[in-house]
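>>> missing the sequence, but the structure's below:
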């Protein structure tokens, strides 16, 4: 499994672009969320060229996680394009409804069904399903709008835009976990929408994961903030994710 961080920030671009991770697994190409980080896909033409199908999995529909849909069009016109989202599993309408509304003609020059010769926009069919040989698991999280933790083959977990709950991680393990981190300073008041570094260090079962990478960074963080965070992470299996980082497991 080869992993490419295209966007590690949350909300708006700062030191990094917003949420997007690309994964090669078992001869298939997956993209997790479509934030502004999807613009970095232009740097990975050598990866895209190996695949005739791109599978995009959306954790939810907030703009910092799907605005990159308007960037991917030129890179997939000769490929099959499959998009999956929560849809009727958690929302009153389907994923196709929301994406078609987002990319309607008044806002963008091409509707999503014209991105390539073969496009399908689908809801997650169940909490566990397969795309080819890859097992996909999705787990609902607490957020201002329903978001979903996405797991690939029980090896990679992508968890962003969530109010932290220690109970949600009981019995969960993976080779690599990508987890949001919006706050880090002490003391911090817990947010009902996001997760703090304190919560992760004190309540996440760190030993259940080979490596933990912090994503959905606060765009207001500067060099001093990142330096302090790195010191807080010293001696742990937690690292800061950064754009263009590549990981193999």
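Right, received. Where do you want to start? Source: prediction; values computed, not measured. Residues are numbered from 1 along each chain as shown.
>>> contact partners of the lengthiest helix in the chain?
In the chain, taking DSSP state H as the definition, the longest helix is helix 223-233. Contact with helix 223-233 is made by 15, 184, 197, 201, 214, 218, 221, 239-240, as judged by CB atoms under 8 Å, 6 or more residues apart in numbering. In this view, the C-beta of every residue, glycine as well, is placed from N, C-alpha and C.
>>> Pull the most distant pair out of those.
Farthest apart among the contacts of helix 223-233 by CB to CB are 15 and 201. That separation is 21.7 Å.
>>> Would you agree residue 100 falls within a strand?
No: going by DSSP: H, G, I helix; E, B strand; the rest coil, the assignment for residue 100 is helix, not a strand.
>>> Who are the contact partners of it?
So, once contact is read as CB under 8 Å, 6+ apart, residue 100 ends up touching 111-113, 121.
>>> any idea how far it is from residue 77?
18 Å (CB to CB, to the nearest Å).
>>> All the helices of the chain, residue numbers only.
45-48, 69-72, 95-102, 197-203, 223-233.
>>> hmm, back to that, top of the contacts of helix 223-233 by neighbour count?
Within these, neighbour counts (other CB atoms under 10 Å) peak at residue 214, which reaches 23 neighbours.
>>> ok, the closest residue to that one other than its chain neighbours - contacts?
Among residues not flanking residue 214 along the chain, residue 181 sits closest, at 4.0 Å (CB to CB, 6 or more residues apart in numbering). Counting by CB under 8 Å, 6+ apart, residue 181 makes contact with 195-197, 200, 214-217.
>>> Run through the bridge partners of the residue nearest to residue 148 when sequence neighbours are not counted.
Ranked by CB to CB, 6+ apart and with sequence neighbours excluded, the top spatial neighbour of residue 148 is residue 138, at 4.5 Å. When assigned by DSSP bridges, residue 138 has beta-bridge partners residue 150.
>>> which non-adjacent residue is nearest residue 165?
Residue 165 sits nearest to residue 142 (CB to CB, 6+ apart), 6.5 Å away.
>>> How many residues are close by the one you found?
By the criterion of other CB under 10 Å, residue 142 has 14 neighbours.
>>> Same check on residue 227?
Residue 227 has 10 nearby residues by other CB under 10 Å.
>>> Any stretches of this structure with poor pLDDT?
By pLDDT under 70, the weakly predicted segments of the chain are 186-192.
>>> Which residue ranges of it form strands?
Remark: strands assigned in the chain by DSSP state E are 2-7, 20-25, 28-32, 53-57, 80-85, 118-123, 128-131, 134-141, 147-152, 156-159, 174-180, 209-215, 238-240, 246-248.
>>> I'd like to know which of these is closest to residue 68.
For residue 68, the closest of the strands of the chain is strand 20-25, at 6.0 Å, according to CB to CB.
>>> got the contact list for the closest one?
1-7, 29-38, 40-41, 44, 47, 50, 68, 134, 152-153, 156, 158, 178, 215.
>>> Is it possible to mark the buried ones in those?
For the contacts of strand 20-25, a burial check counting by 16 or more other CB atoms under 10 Å picks out 1, 3-7, 29-38, 40-41, 44, 68, 134, 152-153, 156, 158, 178, 215.
>>> tell me the most buried of the helices of the chain?
Among those, helix 69-72 has the highest mean neighbour count (mean count of other CB atoms under 10 Å), at a mean of 20.
>>> so how far is that one off the chain centroid?
Distance, stretch centre to chain centre, for helix 69-72: 15 Å (CA atoms, centre = their mean, to the nearest Å).
>>> What are the contacting residues of that helix?
The list of residues contacting helix 69-72 from outside it, by CB under 8 Å, 6+ apart, reads 34, 36, 38-39, 41, 54, 56, 99, 102-103, 108, 112, 115.
>>> okay if I get those residues as TSV plus distance to residue 244?
Converted to TSV, the contacts of helix 69-72 look like this (distance: CB to CB, whole Å):
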residue	distance to residue 244
34	17
36	14
38	13
39	12
41	11
54	19
56	19
99	27
102	27
103	27
108	26
112	27
115	24
